[in-house]
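Trainee: Sequence and predicted structure are below.
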Amino acid sequence: MAQNTTRFVDTELLRIGYLEDGPADGWPVILVHGYPYDVHAFDADAQILAAEGARVLRPHVRGYGATRFLSDETRRNGQQAARALDVVQFSSALELTRPILGGFDWGGNACCVAAALWPEQVGGLISYAGYDVIDVEQQKSPLGVSLKRVCWYQHLFQTERGRACLEKSRADIGRTLWREWSPNWAFDEATFARTATAFDNPDFVDVVISAYRFMHGNERGDPALQTLEDRLAKRPPIAVPTVTIDGAADPLKPGGTADHAPLFAGQYEHRALPVGHNVPQEAPGEFAKAVLQVRSWQHGGKADDAR
């Protein structure tokens, strides 16, 4: 079994720090965290999958933990195409063959985008929540008041005062969002503190602010990535085998995402769990079950084989 210490690999723009579990010749899985989380969200799932023979890779996304930009001159861009390309280039740098991708929050977004744009490089997908590809034009339309209230942080980050607040209070904001998004999860301070160290990355604030300003159409993306964003704007279906997961107690996803089913063109299953936004830590092992379901499909299995 590979020792669970931080390793590094270089891509075009990044030196990505990552954790690895399982045999070096195992079938590959990449698990991707979001904001405000880190690689430890998947601790339980990584151990389960490693015991099943998977080589499990958990990268710190750009702006988090041990990951660094290779050049001071590179724009600290948080747009979805950039973060998805990071996942694809991470896989290529490690010479992985069509890994199964799994993610939630930013990680679900990046994995969905990677599966939509580069299906030939993706063996399967586990997405929280649903078809998690940002529709920038739709974001310009006002949401309902209750959802606007839940998304207060996104609106805060559109302002320079919001940037200053994130710079000063990155851990406090993260802790507040954990509590709001996972109302039934009684995490302890040690669990949060372990993750919060990932927010000390020097690029954290720039990347987070960029991500949410791009989402709301208040920051232009990288011109080199515009062709990819244009393709995403057409809502391309995801053809790789996919399990989507919803958290019924997640205030960010009221009503869930079962209605996203038409956007998945391959083998597909939707699961709903009685948890909030942070599925990997609120329901340890459920991501692993979903990965094993996709793995079963790859070998001719049927739905529910890995439940």
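Mentor: Yep, it's here. Small disclaimer: the values here were computed from a predicted structure and weren't measured.
Trainee: what's in contact with stretch 40-54?
Mentor: 1, 19, 21-23, 26-29, 31, 33, 56, 58, 102, 104, 194-195, 278, 280-281, 284-288, 291-292, 295 (C-beta atoms under 8 Å, 6 or more residues apart in numbering). Where you see a C-beta, it was placed from the backbone N, CA and C, and this is true even at glycine.
Trainee: Could you pull up phi and psi at R98?
Mentor: Dihedral angles of R98 (phi, psi; degrees, to the nearest 10) stand at phi 40, psi 60.
Trainee: Please tell me I have it right and it contacts Q121.
Mentor: Yes - here R98 reaches Q121: they are 6.3 Å apart, a contact under C-beta atoms under 8 Å.
Trainee: And the helices in the stretch 101-250 of the chain, which stretches?
Mentor: 106-117, 136-139, 145-150, 152-156, 160-181, 189-196, 204-215, 226-233 (DSSP state H, counting those that start in this stretch).
Trainee: can you put these in a markdown table and add mean neighbour count, distance to P254 and mean pLDDT?
Mentor: Below are these laid out as a markdown table (neighbours: other C-beta atoms under 10 Å; distance: least, C-beta to C-beta, whole Å; pLDDT from 0 to 100):
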| stretch | mean neighbour count | distance to P254 | mean pLDDT |
| --- | --- | --- | --- |
| helix 106-117 | 27 | 17 | 98 |
| helix 136-139 | 12 | 16 | 82 |
| helix 145-150 | 12 | 7 | 91 |
| helix 152-156 | 15 | 15 | 96 |
| helix 160-181 | 16 | 12 | 98 |
| helix 189-196 | 14 | 25 | 98 |
| helix 204-215 | 22 | 18 | 98 |
| helix 226-233 | 15 | 24 | 97 |
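Trainee: between the ones you listed, which gets nearest to A261?
Mentor: helix 106-117 (13.9 Å; C-beta to C-beta).
Trainee: The closest one to helix 204-215, inter-axis angle?
Mentor: Here helix 106-117 runs at an angle of 50 degrees relative to helix 204-215 (axes from the mean of the first three to the mean of the last three C-alpha atoms, to 10 degrees).
Trainee: neighbouring contacts of helix 106-117?
Mentor: Residues contacting helix 106-117 (C-beta under 8 Å, 6+ apart): 30-35, 61, 80-81, 83-88, 101-103, 121-122, 125-129, 131-134, 211, 228, 231-232, 236-240, 242.
Trainee: Name the residues of the host helix or strand of I16 that come out as buried.
Mentor: If you go by DSSP states H and E, I16 is part of strand 14-21. For strand 14-21, burial by neighbour count (16 or more other C-beta atoms under 10 Å) applies to L14, I16, G17, Y18, L19, E20, D21.
Trainee: neighbours of E282, just the number please.
Mentor: 21 (other C-beta atoms under 10 Å).
Trainee: Number the chain from 4, please
Mentor: In the new count, where the first residue is 4, that last one comes out as E285.
Trainee: Spit out the contact partners of it.
Mentor: S185, N187, W188, G250, L276, V278, G279.
Trainee: So for stretch 288-296, what gets flagged as buried?
Mentor: E289, F290, A291, K292, A293, V294, L295, Q296.
Trainee: and which of these is nearest H158?
Mentor: The closest of these, once distances to H158 are taken by C-beta to C-beta, is F290, at 29.8 Å.
Trainee: wait, what's in contact with W155?
Mentor: Contacts of W155 by C-beta under 8 Å, 6+ apart: none found.
Trainee: JSON lines please, covering the helices of the stretch 104-253 of the chain and showing distance to G303.
Mentor: Shown next, in JSON lines, are the helices of the stretch 104-253 of the chain (distance: least, C-beta to C-beta, whole Å):
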{"stretch": "helix 109-120", "distance to G303": "21"}
{"stretch": "helix 139-142", "distance to G303": "38"}
{"stretch": "helix 148-153", "distance to G303": "41"}
{"stretch": "helix 155-159", "distance to G303": "43"}
{"stretch": "helix 163-184", "distance to G303": "37"}
{"stretch": "helix 192-199", "distance to G303": "38"}
{"stretch": "helix 207-218", "distance to G303": "39"}
{"stretch": "helix 229-236", "distance to G303": "32"}
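Trainee: related to what we said a few turns ago, now, the buried residues of stretch 288-296 that are in helices?
Mentor: When DSSP state H is applied, the buried residues of stretch 288-296 are split such that E289, F290, A291, K292, A293, V294, L295, Q296 fall in helices.
Trainee: need the contact list for the second one.
Mentor: What it means is F290. Contacts of F290 by C-beta under 8 Å, 6+ apart are L34, F45, D48, G105, F107, I129, Y131, I248, V282, P283.
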